[in-house]
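In: Structure of the sequence below:
(one chain, ligands or ions: 1)
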Amino acid sequence: MTDIQNQINQLRKTLRHHEYQYHVLDNPEIPDSEYDRLFHQLKALEQQHPELITVDSPTQRVGAKPSAGFAQITHELPMLSLDNAFSDEEIYAFMKRIQDRLMSLPDNLEFCCEPKLDGLAVSILYENGVLVQAATRGDGMTGEDITLNIRTVRNIPLQLLTDNPPARLEVRGEVFMPQAGFDKLNEEALAKGEKTFANPRNAAAGSLRQLDPKITSQRPLVFNAYSIGITQGADLPPTHYERLQWLESVGIPVNSEIRLCNGTEEVLKFYRAIQAKRPNLGYDIDGTVVKVNAISLQERLGFISKAPRWAIAYKFPAQEEMTV
Ligand SMILES: Cc1c[n+]2nc(N)[nH]c2nc1OC(C)C
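Out: Residues are numbered from 1 along each chain as shown. Predicted structure coming up:
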């Protein structure tokens, strides 16, 4: 391999490592100025040797030209919605249904509990570790191809951080806009006499559905994974929580508030703890999601027509309207 190729490979590896430290572990090892220096060093080498540019290079986040529209993508596994609970009683009923079907007491069951992020659900497909496609949830069966826009979301890796990636891995999660980024975006829009967004969720949806990736690239979007869709050649752990840990280990960002809970009372404690934290999280959530942790039990419980029997969203009461 030529010396230039070696330099380029080394720079890509270093940049991917620092992106992971900064965006996934929230633990940067170098100052932004040093990251920028390395990035521009790689950019210059690739401009001198364009034949060495690869689609998964850290420099290839922002697509060239706007697309005329979004192609449709059919999800190989439907992206189903969740049944909702609005009270402790409804959670007890959820637990009773599980107990009746599994013939095991919920207090002996582990649940993975997560904040329910108020953004846009997306599906991201990696083939041999390289990001090749991304789609919106759409109606659950078909969504829009937003690959070029998803590539601009800085905490989504263009290549998985593993030497032996699965042949295919579909990651599902939420793209959202943190409150600080939303406030700044609206301030800038006001200053430019442009339209402002009503809330961070609309801002995230609008940013992902931009036809010009350069505009999406300037929007403060963040991705958090919450499940795995199709896989091929992946040797996955037997519980949902361990699968999220595995995703994080290969470079996929996962929300830091996720916890394992034993039985109903710990699930309710988690709900109240997240509800108390809600004003200071820095991003919008509209409840928590409670999932049976063991994949084997999820498979035994299966799905009701549109939603899984093994998971439920426990929503917060609607926030009183902001009085402006
Ligand atoms: C629709 C959905 C949404 N959410 N949000 C989280 N945090 N987890 C999660 N899981 C979902 O569905 C799984 C139960 C597959």
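
In: Which residue is it, in the stretch 1-150 of the chain, that comes closest to the ligand?
Out: Nearest residue of the stretch 1-150 of the chain to the ligand (Cβ to the nearest ligand atom) works out as E114 at 3.7 Å. (Each C-beta comes from the backbone N, C-alpha and C, glycine too.)

In: List the contacts of E248.
Out: E248 makes contacts with V24, V254, as judged by Cβ atoms under 8 Å, 6 or more residues apart in numbering.

In: right, quick check: the helix or strand that contains it against the ligand, any contact?
Out: Under the criterion of DSSP states H and E, E248 resides in helix 240-249. No. Contact of helix 240-249 with the ligand is not found when judged by Cβ under 6 Å from any ligand atom; the minimum separation is 8.8 Å.

In: Buried residues, that helix. List them.
Out: Judged by neighbour count (16 or more other Cβ atoms under 10 Å), helix 240-249 contains these buried residues: H240, Y241, R243, L244, W246, L247, E248.

In: List every C-alpha atom in stretch 128-146, with coordinates, as CSV.
Out: Coordinates of the C-alpha atoms in stretch 128-146 are reproduced here as CSV (Å, rounded to 0.1, in the frame of the first residue of the first chain):
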residue,chain,number,x,y,z
ASN,A,128,-20.3,-4.8,6.3
GLY,A,129,-20.0,-1.9,8.8
VAL,A,130,-20.6,0.9,6.2
LEU,A,131,-23.7,3.1,6.4
VAL,A,132,-25.5,2.4,3.1
GLN,A,133,-29.1,3.6,3.6
ALA,A,134,-31.4,5.4,6.0
ALA,A,135,-35.2,5.9,6.0
THR,A,136,-37.9,7.6,8.0
ARG,A,137,-40.5,5.4,9.8
GLY,A,138,-43.2,6.7,7.5
ASP,A,139,-46.4,4.7,8.0
GLY,A,140,-44.4,1.8,9.5
MET,A,141,-44.3,-0.2,6.3
THR,A,142,-42.7,2.3,3.9
GLY,A,143,-40.6,5.4,4.7
GLU,A,144,-38.6,8.1,2.8
ASP,A,145,-35.0,7.6,1.8
ILE,A,146,-33.1,10.2,3.8
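
In: So is that stretch next to the ligand?
Out: No. Using Cβ under 6 Å from any ligand atom as the criterion, no contacts between stretch 128-146 and the ligand are found, and the smallest distance is 7.9 Å.

In: P237 and M95, how far apart?
Out: P237 sits 24 Å away from M95, taking Cβ to Cβ, to the nearest Å as the criterion.

In: try A204
Out: In this structure, A204 and M95 are 32 Å apart, going by Cβ to Cβ.

In: How about L102?
Out: Counting by Cβ to Cβ, the gap from L102 to M95 is 10 Å.

In: before we move on, back to that, quick one: the helix holding E248 to chain centroid distance?
Out: Between the centre of helix 240-249 and the centre of its chain there are 13 Å (Cα atoms, centre = their mean, to the nearest Å).

In: Which SSE is immediately downstream of it?
Out: Under the assignment DSSP H and E, the closest C-terminal helix or strand after helix 240-249 is strand 259-262.

In: Partner strands of that following strand and their direction?
Out: Strand partners for strand 259-262, identified by DSSP bridges, are recorded as strand 110-117 (antiparallel).

In: what is the rounded mean pLDDT of the strand it pairs with?
Out: For strand 110-117, the per-residue pLDDT values average out at 98.

In: For that strand, list the C-alpha coordinates in PDB.
Out: The C-alpha atoms that make up strand 110-117 are tabulated as PDB, following Å, rounded to 0.1, in the frame of the first residue of the first chain:
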ATOM      1  CA  GLU A 110     -36.200  -7.600  34.100                       C
ATOM      2  CA  PHE A 111     -37.300  -4.600  32.100                       C
ATOM      3  CA  CYS A 112     -35.200  -2.200  30.100                       C
ATOM      4  CA  CYS A 113     -36.500   1.300  30.700                       C
ATOM      5  CA  GLU A 114     -35.700   4.200  28.400                       C
ATOM      6  CA  PRO A 115     -36.700   7.900  28.000                       C
ATOM      7  CA  LYS A 116     -39.200   8.200  25.000                       C
ATOM      8  CA  LEU A 117     -37.400  10.800  22.900                       C
END
